[in-house]
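[1] Quick one, what's the 3D model for this:
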Amino acid sequence: MQDIFDAFESGEKKILVRSCNGAGKTTALAAICNWYLSTYEDSIVLTTASSWMQVKRNLWGEIRKQARNAKLYLDEKGNQLKLGETLIKLNDKHYMIGISPRIPENAMGFHAPHILVAVDEATGLDREIMDALMGNLSGSDSQIIMICNPIDRESYPYEAEQSGEWKVIHISAFDHPNVENGNENIHGAVTREWIVDRLKSWSFELKFEAAEFARMIHVKWLDKWFRKTAIAQARILGEWAQLEAAGFIPLELIQRNLMPTLVPSSQPSKVRAIGVDISRGVGSDATVYAYFDVYDDATPDHQLNFKVFYDEDLMATADRIQREYESCKAEGIQLIIAIDDTGVGGGVTDKLRQEEIDFHPVNFSQKPKGFFPRKDIANARAEMYFLLQQELLDRKLYLIDNAKFHQELSSIHLDISHVNGSFKIESKEEVRKRLGHSPDYADATALARYALRLEALKNRDWPMLMGL
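    Next up is the predicted model:
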């Protein structure tokens, strides 16, 4: 933080701060905005962020709080001026304003001897709005500071850093005083407990290997090593996430959860989950059925062999699912079904509704249900993969040994929504370009696990919903 303030006060024209979560970067940016407006009587401060909600609530919430606490802006009688939701106006040529990131035209045409552009969560902004903001920095005393969590290498901040024209300041969670000292002296900021909790969710523990040092994170107070996954890299280390460099669910995590030779439970399961990824069987794509026999909390669920069908029309798929449903019912097994309802899958789900078969339709682009305790998940497809990853990290599943399935699952990458910076799973088309076929086995498996959460939601099964 001292480096940020020193760089700014010394007059650095372009400052980029890439930081972990919880380091206080928004608080620092708000302080800089208030300092600038209070210091230069001929100044304009332009602020924006990845979304209008981020501008109003996060950045400007902090700006207003600091201004009130410090009694910064007073009238001639010493009374505090009224602070607008996203505007502090001292006179017609001396003010601070919040700008929507979706309206580039509103970011143009500002002129003053001193202009500051302050951008929070900068990886979520389009080039168009950034170009509009940069166009205001024509004066010799103008400055810009961008603060971001480094989650997207196809963003303006990444290109800015690569240009070599910006003063770059990097903040890792391991550098924070709370973490270095093991005490929460700065309340609300990152802590050792938060790092360990997040590593359990975003990574997994490894044994140290010298050859893998660059891909590992060392937690010195535990003397433990974790895989440097893309999310941990960005959110904890403050490093640019290599989303394209490795699969979201790495092969070593898959192999750690393979079905053992001696299956630990001989008790028959009374619940079976099935996920159906539907295709018309064009080319190498197939309709794939993935299955899990479900046990109690003490026994990991067992994946069963896939069923794969090519050149099967939609009505034949609907008939097959109906037969499976009726067969399980006759055997006293509850069959919980999730079906890909995106695109051609709608024909299958329409037929099953007519036959009054219980199932859960899943449109991959629909909003997440909120099963996973993250607010930066873009859609249902991302949510079901985050859930699958978490269950593998928690060793709640046994996966079958199937080379094609493992190739698909370990090859799927995280992507970033350029609308709001949330995480999504790369499109099937992108996977198909890389593998030569659609990730049908992986999607069907994720659907099968998602089916259990959707069923729990329907039945208000709170322990299952919370992943207990």
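
[2] and residue 363, what is it in contact with?
    Listed by Cβ atoms under 8 Å, 6 or more residues apart in numbering, the contact set of residue 363 reads 341-342, 380. The C-beta positions use only the backbone N, C-alpha and C, and glycine is treated the same way.

[3] got a pLDDT number for it?
    With respect to pLDDT, residue 363 has a value of 93.

[4] Likewise for the one 3 residues further on?
    As predicted, residue 366 sits at a pLDDT of 92.

[5] for it, what are its contacts?
    By Cβ under 8 Å, 6+ apart, the residues touching residue 366 are 379-380.

[6] tell me which element it falls in.
    Following DSSP states H and E, one finds residue 366 outside all helices and strands.

[7] so where's the stretch 351-468 of the chain shaky on pLDDT?
    Along the stretch 351-468 of the chain, segments meeting pLDDT under 70 span 373-375, 418-421, 461-468.

[8] buried sites along stretch 190-209?
    Within stretch 190-209, the residues scored as buried using 16 or more other Cβ atoms under 10 Å are 190-192, 194-195, 198-199, 201-204, 206.

[9] Span of it from start to end?
    Terminal residues of stretch 190-209 lie 28 Å apart, using Cα to Cα, to the nearest Å.

[10] Now do that stretch, average pLDDT.
    Mean predicted confidence for stretch 190-209 is 87.

[11] now swap in stretch 255-268 and tell me
    Mean predicted lDDT for stretch 255-268 stands at 75.

[12] Just the endpoints, please. Distance across that stretch?
    One end of stretch 255-268 to the other measures 25 Å (Cα to Cα).

[13] Show me the contacts of residue 363 that map onto helices.
    residue 380 (DSSP state H).

[14] wait, residue 452 sits on residue 335?
    No - counting by Cβ atoms under 8 Å, residue 452 stays clear of residue 335, with 11.6 Å between them.

[15] what is the mean pLDDT for stretch 292-304?
    For stretch 292-304, the per-residue pLDDT averages 91.

[16] Flag every buried residue along that stretch.
    For stretch 292-304, using 16+ other Cβ under 10 Å, the buried residues are 292-295, 299-304.

[17] Show me how the protein divides into domains.
    2-171, 183-235, 251-465 (automatic domain parsing).

[18] got JSON lines for those domains, with distance to residue 177 too?
    What follows is those, written out as JSON lines (distance: least, Cβ to Cβ, whole Å):
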{"stretch": "domain 2-171", "distance to residue 177": "10"}
{"stretch": "domain 183-235", "distance to residue 177": "6"}
{"stretch": "domain 251-465", "distance to residue 177": "26"}
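
[19] Now flag whichever of the buried residues of stretch 292-304 is closest to residue 393.
    residue 300 (12.5 Å; Cβ to Cβ).

[20] Roughly how far does the closest one sit from residue 340?
    Distance of residue 300 to residue 340, computed by Cβ to Cβ, to the nearest Å: 25 Å.

[21] Next one: residue 407 from residue 307, what distance?
    Taking Cβ to Cβ, one finds residue 407 at 19 Å from residue 307.

[22] ok, residue 45 touching residue 94?
    No - counting by Cβ under 8 Å, residue 45 sits too far from residue 94 to count as a contact (9.5 Å).

[23] Compare the two (neighbour count), which wins?
    residue 45 (25 against 17; other Cβ atoms under 10 Å).

[24] if I look at residue 45 and residue 94, which residues touch both of them?
    Once Cβ under 8 Å, 6+ apart is applied, the residues that residue 45 and residue 94 both contact turn out to be residue 37.

[25] Check whether residue 48 really touches residue 102, as I assumed.
    No - at 9.8 Å, residue 48 does not count as touching residue 102 under the criterion of Cβ under 8 Å.

[26] more crowded one of these two?
    Per other Cβ under 10 Å, whichever of residue 48 and residue 102 has more neighbours is residue 48, with 30 against 14.
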